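Participant: Curious how this folds, go ahead:
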Amino acid sequence: MKLTSQYNRNIVPAIILLFLVSIVSSYFLIRKVLQNELDLAILRIKSRIEHYAAQHGTLPEVSSFDDVVIRFERSPGVPKDTGFTSTRLYIPEQKRDHLSRQLIFALPVNNERWKVTICQPLEGTKHLTVLIAEIALTTISLTLLLLMLINRRVLTRIWRPFYQSLEIIKNFKVKDPARLQLPESHIEEFRLMNAHFLKAAENANRDYRNLKEFSENASHEIQTPLAIMRSNLDMLVQEDMTEKQSQLLQSVYASMRKMSRLQQSLLLLTKIDNRQFQPVSDIRIDLLLRDKVSQFRELLHNKNLRYELSLIETHIPANKDLLDVLLNNLYSNAIRYNIMNGDICTDLKARSLTVSNSGQDKPLDPERIFRRFL
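Facilitator: Next up, the predicted model:
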């Protein structure tokens, strides 16, 4: 998972939760504010009623078209002020009850005691609260969407130098002597990363050059001692030796042959690295395969191996020396890792070559198949 995706997975739920808490808090806060405004409006109506009664000595007329319901009731005793309460008010026009705010207080008029009830529905306040909450929800949702889009665009632009550096490092070859050209960045962490990349690439190039130089020198320097050893061993063979001396001499010969193969492998790798196998010619690989089977006939006979050739005339552009090394490795491994009385099949098609053997029951170690000098 990419870092930006992981970041979004962690930050988006937190932002959504924060917005939901904000919406719920805003809903109750707006509801409380509107309710307080409604209470203030009821208090203003109370003040107007008291002022009218004091000035005219009678109760004011109540309009039947107003949402506010005002009731005047004679009270033989002294009515008690109840303050603001929430109640249910039946509205005939809508034929249903509505939650309302109610205020009851005492009003003396011409030596009479009246109980005044002022009741106003919260329906308009409820609709307004819901409308404001819907607007807030829509606004916050759009804000969240835009925030995610902007966040994605900004993060993509910020992380672009990082991915460019990774792409350059992925295509880096230790053989290439050219210095890495990493993108510039104003971000301190990316500059530090690029500096480490450049340092690691320089160390890898230096180590590769040293190893290559050592391999070239070693492969050339080994030639002379090997030639001297081979010459001296050939002279010793001509001498009369005991059986024990002959066995020791055969052991030395085996070690020298192994050393000679190692030296040839080093020379081959050096030539490949130095691109000394440039000439490419048109080769009939089917004829080369027939010759190669003839060369390995003795080894095939020793393990009583049966071989099958399925060849068609095929021309390929290749270097003959490298192709010979490839076929030698294929057939030597097919024989070495075969079983007694096994089979070796060679199938050559227009665009493929398959060399298969009966093999052993257990598979080869995949970590060692392409390792050098096995």
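Participant: buried stuff in stretch 282-295?
Facilitator: Ile283, Ile285, Asp286, Leu288, Leu289, Lys292, Val293 (16 or more other Cβ atoms under 10 Å). Glycine gets a C-beta too; all of them are placed from N, C-alpha and C.
Participant: any idea which element the first one lies in?
Facilitator: Read that as Ile283. strand 281-284 (DSSP states H and E).
Participant: ranges for the helices of this protein?
Facilitator: 3-56, 123-170, 188-221, 223-237, 243-273, 285-295, 297-302, 320-336 (DSSP state H).
Participant: Which among those helices is found nearest to Arg71?
Facilitator: helix 3-56 (11.5 Å; Cβ to Cβ).
Participant: Could you give the separation of that closest one from the chain centroid?
Facilitator: Distance of helix 3-56 from its chain centroid, counting by Cα atoms, centre = their mean, to the nearest Å, is 43 Å.
Participant: Likewise for stretch 314-331?
Facilitator: That offset, for stretch 314-331, works out to 41 Å (Cα atoms, centre = their mean).
Participant: Likewise for stretch 240-251?
Facilitator: 65 Å.
Participant: Check which helices and strands the strand holding Ile283 sits against.
Facilitator: Packing contacts for strand 281-284, counted by 3 or more Cβ pairs under 8 Å, 6 or more residues apart in numbering; DSSP states H and E, involve strand 315-318, helix 320-336.
Participant: if you set the cut-off to 6 Å instead, what comes out?
Facilitator: strand 315-318 (3 or more Cβ pairs under 6 Å, 6 or more residues apart in numbering; DSSP states H and E).
Participant: sorry, back to before: can you tell me which of the buried residues of stretch 282-295 is closest to Val130?
Facilitator: Out of these, the member with the shortest distance to Val130 (by Cβ to Cβ) is Ile285, at 82.4 Å.
Participant: Verify the contact between the closest one and Thr314 for me.
Facilitator: Yes - Ile285 is within contact range of Thr314, at 5.3 Å (criterion: Cβ atoms under 6 Å).
Participant: Spell out which residues make up each domain of the chain.
Facilitator: Here the domain parsing of the chain from automatic domain parsing is 222-273, 281-357.
Participant: Go through these and find the least confident stretch.
Facilitator: Set side by side, these differ in mean pLDDT, and domain 222-273 is lowest with a mean of 73.
Participant: now that domain, how far from the centre of its chain.
Facilitator: 55 Å.
Participant: Mind putting the helices of the chain into CSV with distance to Arg179?
Facilitator: CSV is the format used below for these (distance: least, Cβ to Cβ, whole Å):
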stretch, distance to Arg179
helix 3-56, 28
helix 123-170, 11
helix 188-221, 8
helix 223-237, 35
helix 243-273, 20
helix 285-295, 41
helix 297-302, 49
helix 320-336, 31
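Participant: Tell me which of the ones you listed sits nearest to Leu348.
Facilitator: helix 285-295 (5.8 Å).
Participant: Check what contacts that closest one and list those residues.
Facilitator: If you take Cβ atoms under 6 Å, 6 or more residues apart in numbering as the criterion, helix 285-295 is touched by Leu311, Glu313, Thr314, Ile316, Leu327, Tyr331, Thr346, Leu348.
Participant: Quick one: buried ones out of those?
Facilitator: Buried members of those, scored by 16+ other Cβ under 10 Å, are Leu311, Thr314, Ile316, Leu327, Tyr331, Thr346, Leu348.
Participant: out of these, who's nearest Ile42?
Facilitator: Ile42 lies nearest to Ile316 out of the buried ones among the contacts of helix 285-295, by Cβ to Cβ, at 99.9 Å.
Participant: Starting from Asp291, give me the distance back to Arg351.
Facilitator: 22 Å (Cβ to Cβ, to the nearest Å).
Participant: One more: Ile316?
Facilitator: Taking Cβ to Cβ, one finds Ile316 at 15 Å from Asp291.
Participant: hmm, back to that, could you say which one of the helices of the chain comes nearest to Pro363?
Facilitator: Among the helices of the chain, helix 320-336 sits nearest to Pro363 (Cβ to Cβ), with 13.6 Å.
Participant: before we move on, the earlier item: so what strands line up beside the strand holding Ile283?
Facilitator: Strand 281-284 has its sheet partners listed here by DSSP bridges as strand 315-318 (antiparallel).
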